[in-house]
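Asker: no sequence on this one, just coordinates:
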């Protein structure tokens, strides 16, 4: 498996640059891989657009599709998303966040859990 890029999303870059108007409501998970190997997400949006073919070929320790759910594991949190309908991006699906766990308030990573509906 190829190493993850320094900055990436779950949508091919060619689709992001297509000039869709902001009113199209495209929502993305933006990942950053640091030089020490850590991967962080620039926030866990309530909904995100995902190209499932691309996500299926990502490092499964960071992103995996399993039984209709999208699992995201990053240094700054863990989230589970489920399909909620079509995306405005060709060949993509809109996912809604079902669960989010982030470190915070003095808790170590893995502490504090909250279900999000």
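Answerer: Cool, got the structure. All values derive from a computational prediction rather than experimental measurement.
Asker: Can you tell me the element residue 96 falls in?
Answerer: Assigning secondary structure by DSSP states H and E places residue 96 in strand 93-101.
Asker: Give the other helices and strands that that strand contacts.
Answerer: Contacts defined by 3 or more C-beta pairs under 8 Å, 6 or more residues apart in numbering; DSSP states H and E place strand 93-101 against strand 47-50, strand 77-86, strand 113-115. The way it works is simple: take the backbone N, C-alpha and C, and place the C-beta from them, glycine included.
Asker: neighbours around residue 53, how many?
Answerer: 11 (other C-beta atoms under 10 Å).
Asker: now for the helices and strands packed on strand 93-101, which one comes closest to residue 57?
Answerer: strand 47-50 (12.4 Å; C-beta to C-beta).
Asker: Could you give the average pLDDT over stretch 47-63?
Answerer: For stretch 47-63, the mean per-residue pLDDT is 93.
Asker: Show me which residues of it are buried.
Answerer: 48-51, 54-55, 58, 62-63 (16 or more other C-beta atoms under 10 Å).
Asker: Please identify the deepest-packed of the helices and strands packed on strand 93-101.
Answerer: Highest mean neighbour count among the helices and strands packed on strand 93-101 (mean count of other C-beta atoms under 10 Å): strand 47-50, with a mean of 23.
Asker: re earlier: name every strand pairing with the strand holding residue 96 and say which way it goes.
Answerer: Strand 93-101 sits in its sheet next to strand 47-50 (antiparallel), strand 77-86 (antiparallel), strand 113-115 (antiparallel), going by DSSP bridges.
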